[in-house]
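Engineer: Dropping the sequence and predicted coords here.
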Amino acid sequence: MIATETARLPFYRLAPGIHDPLLALTRAAKKDLDPTLVELLLIRASQLNHCAFCLDMHVTDARKAGETDERIALLSAWEEAADHYSDKERAALALTEAVTLVARGGVSDEVYERAAAHFDDTEIVRLIALITAINSWNRINVAARVPVGAALTPIGGAS
């Protein structure tokens, strides 16, 4: 997709040392997690944060990973469309929302225990790191007004 807006700030070009460590965190967090689940969580956090750049990227990536258009379209209403998502996916989505909206009351014991029923400790650590990473990407991209379709690669960096 072609970018139609201009970024407010060429964030990654001005601060190339930020892109690669954040990308490394994202890649490390994804390790051994189901790629389709990962994309659902990245989409959901990006919906909550209103990050059009990340939504565009992760909807595309979810489709490439085999996710259906129906489940992607229903993701913003996953609790009401519960029969479209497994218990494990719903637990991870609840954790995503709690971590993304942490200022609204933290991560409750109920949300954590729900996730712990489906994921081992290492997977929970990876999920929390993944959610933290996408929230960082979202906040940077929204604040810098990175347009849909823009290249994030910093000068001399790798994406």
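Structural biologist: Arrived safely, thanks for sending.
Engineer: what sits up against the biggest helix by length in the chain?
Structural biologist: As assigned by DSSP state H, the longest helix anywhere in the chain is helix 121-143. Contact with helix 121-143 is made by 8-9, 11, 18, 22, 25-26, 28-33, 38, 41-42, 45-46, 49-51, 53-54, 92, 95-96, 99-100, 112, 115-116, 119, 146, as judged by CB atoms under 8 Å, 6 or more residues apart in numbering. Any C-beta I mention is one placed from the backbone N, CA and C, and that applies to glycine too.
Engineer: In strands, which of the residues you listed appear?
Structural biologist: The members of the contacts of helix 121-143 all map outside strands under DSSP state E.
Engineer: Tell me the buried residues within these.
Structural biologist: Neighbour counting with 16 or more other CB atoms under 10 Å marks 11, 25-26, 29-30, 33, 38, 41-42, 45-46, 49, 51, 53-54, 92, 95-96, 99-100, 112, 115, 119, 146 as buried within the contacts of helix 121-143.
Engineer: Touching, residue 18 and residue 144? I think so.
Structural biologist: No: using CB atoms under 8 Å, residue 18 is not in contact with residue 144, being 10.8 Å away.
Engineer: Phi and psi next, for residue 7.
Structural biologist: phi -60, psi 150 (degrees, to the nearest 10).
Engineer: State the distance from it to residue 59.
Structural biologist: Residue 7 sits 20 Å away from residue 59, going by CB to CB, to the nearest Å.
Engineer: quick one: which of the two has more around it?
Structural biologist: Between residue 7 and residue 59, counted using other CB atoms under 10 Å, the more crowded position is residue 59 (19 against 16).
Engineer: How confident was the prediction at the more buried one?
Structural biologist: Reading off the confidence values, residue 59 has pLDDT 97.
Engineer: got the buried residues for stretch 124-144?
Structural biologist: By neighbour count on 16+ other CB under 10 Å, the buried set for stretch 124-144 is 124, 126-135, 137-138, 140-142, 144.
Engineer: Would you mind checking the average pLDDT for that stretch?
Structural biologist: Mean predicted confidence for stretch 124-144 is 97.
Engineer: got the contact list for the residue nearest in space to the middle of the chain?
Structural biologist: By CA atoms, centre = their mean, the mean C-alpha position of the chain lies nearest to residue 42, the distance being 2.1 Å. The contact partners of residue 42, by CB under 8 Å, 6+ apart, come to 54, 58, 61, 130, 134.
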